[in-house]
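>>> sequence plus the predicted model coming up.
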Amino acid sequence: MESNPIVKSDDKIMMSLRQNFREDVKSFSVLKPFYGFFLLAWDWGLICGTIYLAKSTETIFTTIFALFVVASRQHALLALTHEAVHYRLFKSRFWNDFTGNLFAAYPLVWDVYGYRENHVLHHKYVNTAQDPDWQRKLGHPDWQFPNSKKYLSRLFLRYLWGFGFVDNVKFALVMSNHWPAEKLKREGQASLITGKIFYYSIVLGGFCYLGLGPTVVLYWFVPFFFIYPPFQKFRSIAEHFGLPNNHELNETRNVTSGSIESFFFSPHNLNYHLVHHLFPTIPCYNLKKLNK
């Protein structure tokens, strides 16, 4: 399946833009050898390192610090799942999908294949009735903008109290094509779900065997349920909402953010979302360069 659809436009501005930047796009689209491994190793290194720090010191400060860092890296793993969807992790499509699933998507209850099917349509029909992301959010009060600061504050607090957990798991099932339930009858779903069950059984069974069950509950599931969802939620709001949505250049936006804000809300250059939509062949580590 084509994962980097370039939406053809008769708009002279867009035709000129793509013509002028053709060579830059071609150059920046080349994947760096082993860089996908580095990005995954960096995120998992931060996860393991901060958990080790928290368990070694056993202070409330280092525990809270670790919970937020792990949540930020869960968000980062979603960003790398997105890279895998566009075949931007590795040149080999097999290793791109295999590694993307094993070390990024599966830990978040996503999978590369279902996400890719949804995401291609999102790029091709962005913010229209044929865009599954837009359709899923259309009419929902949490996705109506502009909105008041009071409403957003209440929404944020609801997510911190765990409201986002159910929302996030359902979202993961939808994006993995496991929901609605009739999608489970599709060809290939049985083998995919069987593989996932085997994966989770091995991983969770291994942690329990090693006596790490409580550690996983505290340092993986608590961030996943309570902290990671609002990071993902508010980044998604920034990407496509409160915009004129009448031209390819204002259907989504880039977000200017500092290094700390980016670490939590837009890991791996997710804040360059307009550039990504215009040129989806660019891997995350070259988006900032092309934006300049």
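Sure, I can see it.
>>> tell me, what residue is most central in the protein?
Leu78 (3.2 Å; Cα atoms, centre = their mean).
>>> now for the chain, the helix or strand with the poorest mean pLDDT.
Least confident helix or strand, the chain: helix 163-175 with a mean of 78, by mean pLDDT, DSSP states H and E.
>>> which of the residues in that one are buried?
Neighbour-count burial for helix 163-175 flags 163-165, 168-169, 171-175 (criterion: 16 or more other Cβ atoms under 10 Å). Any C-beta I mention is one placed from the backbone N, CA and C, and that applies to glycine too.
>>> neighbouring contacts of that helix?
108-110, 114-115, 118, 136, 158, 179, 224-226, 228-230, 232-233 (Cβ atoms under 8 Å, 6 or more residues apart in numbering).
>>> now with 7 Å, please.
For helix 163-175, contacts defined as Cβ atoms under 7 Å, 6 or more residues apart in numbering pick out 108-110, 114-115, 118, 136, 179, 225, 229-230, 232-233.
>>> which one of those residues sits closest to Gly188?
Set against Gly188, the nearest of the contacts of helix 163-175 by Cβ to Cβ is Gly114 (10.2 Å).
>>> so what's Tyr272 bridging to?
Asn254 (DSSP bridges).
>>> tally of neighbours for it?
23 (other Cβ atoms under 10 Å).
>>> who are the neighbours in contact with it?
254, 287-288, 291.
>>> quick one: it from Val217, how far?
Noted for Tyr272: a distance of 35 Å to Val217, by Cβ to Cβ, to the nearest Å.
>>> in the protein, where is pLDDT below threshold?
1-2, 5-10 (pLDDT under 70).
>>> next, the buried residues of the host helix or strand of Ser153.
Element membership for Ser153 (DSSP states H and E) is helix 149-160. The neighbour-count check on helix 149-160 (16+ other Cβ under 10 Å) flags 155, 159 as buried.
>>> ditto for stretch 116-129
Neighbour counts over stretch 116-129 (16+ other Cβ under 10 Å) mark 116-123, 125-127 as buried.
>>> which residues sit against it?
Here stretch 116-129 has contacts from 1-3, 5, 7, 85, 130-135, 175, 177, 240, 245, 251-252, 277, 280, using Cβ under 7 Å, 6+ apart.
>>> what strand or helix carries the residue nearest to the centre of the chain?
Applying DSSP H and E, one finds Leu78 within helix 60-85.
>>> tell me the helices and strands packed up against that helix.
Here helix 60-85 touches helix 35-57, helix 93-100, helix 112-124, helix 222-226, helix 228-240, going by 3 or more Cβ pairs under 7 Å, 6 or more residues apart in numbering; DSSP states H and E.
>>> show me what the fourth one is packed up against.
The helices and strands touching helix 222-226, judged by 3+ Cβ pairs under 7 Å, 6+ apart, are helix 60-85.
>>> relative to the whole chain's centre, how far out is the helix it packs on?
Centroid separation for helix 60-85 versus its chain: 11 Å, with Cα atoms, centre = their mean, to the nearest Å.
>>> same check, this time on stretch 250-266
Worked out by Cα atoms, centre = their mean, stretch 250-266 lies 13 Å from the chain centre.
>>> now do stretch 181-200
The answer for stretch 181-200 is 21 Å, by Cα atoms, centre = their mean.
>>> measure it end to end?
Chord length of stretch 181-200, first to last residue, is 21 Å (Cα to Cα, to the nearest Å).
>>> which residues does Val112 contact?
Here Val112 is in contact with 81, 84-85, 97, 100-101, 105 (Cβ under 7 Å, 6+ apart).
>>> pretty sure Ala129 belongs to a helix, no?
No - read with DSSP: H, G, I helix; E, B strand; the rest coil, Ala129 is coil and lies in no helix.
>>> hmm, back to that, distance of the residue nearest to the centre of the chain from Cys284?
From Leu78 across to Cys284, the span is 12 Å (Cβ to Cβ).
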